[in-house]
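Novice: the sequence isn't on hand, but the structure is:
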């Protein structure tokens with residue numbers, strides 16, 4: 001039977017090739033278009049997409065079509081010195097029909113191709129490029145060879161990128177970043193794929209890139225053994241010589257897929273059969289992890305900027321049991337609602353194909369500018385420059401104020417991940433929406449838990465100082481950390497968009513404070529607030545959040561690293577691991593305070609440099625300050641929702657060791673000795 005299928009596949013391939021070369025022009029059942037992501041920079045490159053839109057009931061094929069079919073072939077006409085890279089396919093679907101297994105796309109998809117430009121290309125010109133595309137379009141009954149001559153132009157210079165490319169990149173398989181081993185026993189190939197035990201799995205399927213290594217229609221068996229996924233697949237009857245490596249894509253369904261190249265090595269036996277493909281960490285345990293992660297987030301550096309707001313509320317919570325409970329509930333409601341909004345927005349964006357992760361909001365310059373304007377207004381209010389009722393901050397002892405404080409606390413405190421939180425948030429991105437929202441709510445309850453405990457436990461409230469005149473001075477003192485937050489946000493604006501964004505947002509903040517002082521003065525004098533001031537304040541806020549970021553420049557260059565860290569990429573990681581030396585990879589962002597504390601306290605230290613130099617450690621750094629689809633996909637493959645993430649690759653290790661989110665120099669030095 002396997003021999004019959006192989007012969008059928010060969011005949012179909014030959015027939016398809018002959019038809020493609022001799023077919024006459026006819027309406028295509030798959031519409032193809034050539035799309036460029038945006039302007040290109042000389043010496044660098046730009047990505048283009050071949051978008052494919054099958055008619056209802058028709059499908060196209062992956063690079064390895066399976067038992068029958070034909071993938072996309074491209075014949076480029078590019079200017080001299082330009083070159084096209086390998087085709088980047090999205091994760092395919094498995095289609096079984098009459099005993100044949102094909103790897104197909106039955107809905108719209110895009111194949112991405114990187115185009116490299118020479119360094120001497122002149123800026124300002126628009127360069128046309130052309131490609132002749134050929135493919136096979138099929139239904140379950142018939143196949144038709146199709147082709148199209150596609151043309152577009154690439155502009156050399158700067159400009160905005162096509163937002164659809166974020167969605168298309170999200171469909172690509174993520175680089176696994178861990179060594180996969182395979183072993184051949186008779187007619188069976190067994191693979192050991194390192195995947196976190198907490199990673200939910202559903203709809204698993206292995207797609208080998210090399211043709212005829214496996215029997216495509218044969219059942220595939222998946223078992224779990226700790227952090228290893230064990231896969232068993234059958235070889236075809238007419239198998240070629242034993243392969244030296246196996247390149248493949250593993251579909252994880254809701255998680256998309258991962259890509260890897262397996263090499264011969266030890267593959268354990270046994271393990272638990274993956275029957276429901278939902279991973280080994282139950283939802284109750286994930287909820288406890290989210291709750292504990294939120295609780296511990298209160299002592300992480302990420303929460304320091306809003307401690308001043310919480311401190312005033314904590315001080316007022318002892319005034320009466322009724323007021324304390326009202327503020328405690330209002331604050332908790334604000335925190336939980338913010339976590340649900342952030343989590344729901346994140347899930348919606350990912351469902352729409354956007355490559356975003358936890359803390360996506362601080363990767364947007366408009367959000368950072370809005371936070372800066374808010375922090376500047378709060379600072380001026382705490383100092384006493386004006387006394388108007390900004391919800392949540394100027395009005396003492398207000399449940400509405402506690403609610404708004406909770407909203408801001410969660411919004412600012414959640415970008416970084418801490419202990420327990422990483423596994424829960426990573427799972428939340430893969431679980432169905434109801435379960436995922438439960439995890440986000442549990443995170444919010446964990447963040448609010450200390451304040452909620454003070455509100456409902458009289459013994460804890462009695463430990464707080466009695467309300468009095470000291471609170472006026474305390475409030476002014478709390479303007480210092482909030483002012484430092486505003487300065488930090490100006491610095492972050494600089495990191496996101498250089499001086500045009502930083503200087504412009506700082507100027508807008510000063511103007512907004514001036515408007516608020518004018519409003520406060522009018523209120524003190526019992527006068528009606530001029531509509532011009534209200535309109536001016538609204539205009540400044542809208543200008544900062546929507547217009548100003550459009551004029552931001554490029555991110556300034558990175559400062560020199562003591563460890564001589566190189567930028568992360570899957571290729572750089574593979575090259576570093578091939579040397580046989582230890583590899584330390586850390587993922588950071590300028591808006592992640594935990595990341596920056598770890599870098600100052602443990603990573604960028606002379607003693608760490610000396611230990612790494614002695615052991616020959618190669619250091620790679622992934623900067624996630626701005627959106628980076630490659631880093632986002634890699635984080636997802638590691639079951640990480642955000643940063644910080646620290647990975648240690650021991651020489652010749654199968655999988656990396658994930659280090660804690662709080663580092664010390666001794667911990668890193670100890671890794672070089674283990």
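Specialist: Yep, that arrived. Every value quoted in this text rests on a predicted model; they were computed, and no experiment measured them.
Novice: after the helix ranked longest in the chain, which helix or strand is next?
Specialist: Longest helix in the chain, counting residues (DSSP state H): helix 479-524. Downstream of helix 479-524, the next assigned helix or strand under DSSP states H and E is helix 531-542.
Novice: tell me the angle of that next one relative to helix 479-524?
Specialist: 150 degrees (axes from the mean of the first three to the mean of the last three C-alpha atoms, to 10 degrees).
Novice: can you tell me what sits against helix 531-542?
Specialist: Helix 531-542 is contacted by residues 370, 373, 508, 511, 512, 515, 516, 518, 519, 522 when judged by C-beta atoms under 8 Å, 6 or more residues apart in numbering. Where you see a C-beta, it was placed from the backbone N, CA and C, and this is true even at glycine.
Novice: can you tell me which of those are buried?
Specialist: Burial by neighbour count, 16 or more other C-beta atoms under 10 Å: within those this picks out 370, 373, 508, 511, 512, 515, 516, 518, 519.
Novice: so how far is residue 237 from the fourth one?
Specialist: If I follow you right, that is residue 511. 77 Å (C-beta to C-beta, to the nearest Å).
Novice: do the same with residue 104
Specialist: 24 Å.
Novice: those two - which one has more neighbours?
Specialist: residue 104 (22 against 13; other C-beta atoms under 10 Å).
Novice: wait, that one touches residue 95, no?
Specialist: Yes: at 4.8 Å, residue 104 counts as touching residue 95 under the criterion of C-beta atoms under 8 Å.
Novice: shared neighbours of the two, which are they?
Specialist: What both residue 104 and residue 95 touch, as defined by C-beta under 8 Å, 6+ apart, is the set 59, 66.
Novice: need the next SSE after the worst-scoring helix or strand of the chain on mean pLDDT, C-terminal direction.
Specialist: When the helices and strands of the chain are scored by mean pLDDT, DSSP states H and E, helix 2-22 comes last with a mean of 44. Using DSSP H and E, the helix or strand that follows helix 2-22 towards the C-terminus is strand 30-36.
Novice: show me what that next one is packed against.
Specialist: strand 45-54, strand 126-138, strand 143-155 (3 or more C-beta pairs under 8 Å, 6 or more residues apart in numbering; DSSP states H and E).
Novice: what helix or strand does residue 326 sit in?
Specialist: Residue-wise, residue 326 maps onto helix 321-351 under DSSP H and E.
Novice: contact partners for the closest residue to residue 88 other than its chain neighbours?
Specialist: Leaving out its chain neighbours, the residue that sits closest to residue 88 by C-beta to C-beta, 6 or more residues apart in numbering is residue 112, at 4.2 Å. Applying C-beta under 8 Å, 6+ apart, we find residue 112 in contact with 47, 48, 49, 87, 88, 165, 168, 169, 172.
Novice: quick check on those: which are buried?
Specialist: 47, 48, 49, 88, 165, 168, 169, 172.
Novice: farthest-separated two in the residues you listed?
Specialist: Spatial extent of the buried ones among the contacts of residue 112 (C-beta to C-beta) is set by the pair 48 and 172 at 14.4 Å.
Novice: what about residue 532, how many residues close to it?
Specialist: Counted with other C-beta under 10 Å, residue 532 comes out at 10.
Novice: look up how far residue 509 lies from it.
Specialist: Taking C-beta to C-beta, one finds residue 532 at 20 Å from residue 509.
Novice: likewise for residue 403?
Specialist: Taking C-beta to C-beta, one finds residue 403 at 24 Å from residue 509.
Novice: so which of those two has more stuff around it?
Specialist: residue 509 (24 against 21).
Novice: residue 370 is in contact with that one, correct?
Specialist: No: look at residue 509 against residue 370 with C-beta under 8 Å: they stay out of range, at 10.8 Å.
Novice: hey, what's in contact with both of those two?
Specialist: With contacts taken as C-beta under 8 Å, 6+ apart, residue 509 and residue 370 have residue 544 as neighbours in common.
Novice: that older thread, of the buried ones among the contacts of helix 531-542, closest to residue 475?
Specialist: When the buried ones among the contacts of helix 531-542 are compared against residue 475 (criterion: C-beta to C-beta), the nearest one is residue 516, at 16.8 Å.
Novice: without its sequence neighbours, what residue ends up closest to the closest one?
Specialist: Once flanking residues are discounted, residue 516 sits nearest to residue 386: 4.9 Å by C-beta to C-beta, 6+ apart.
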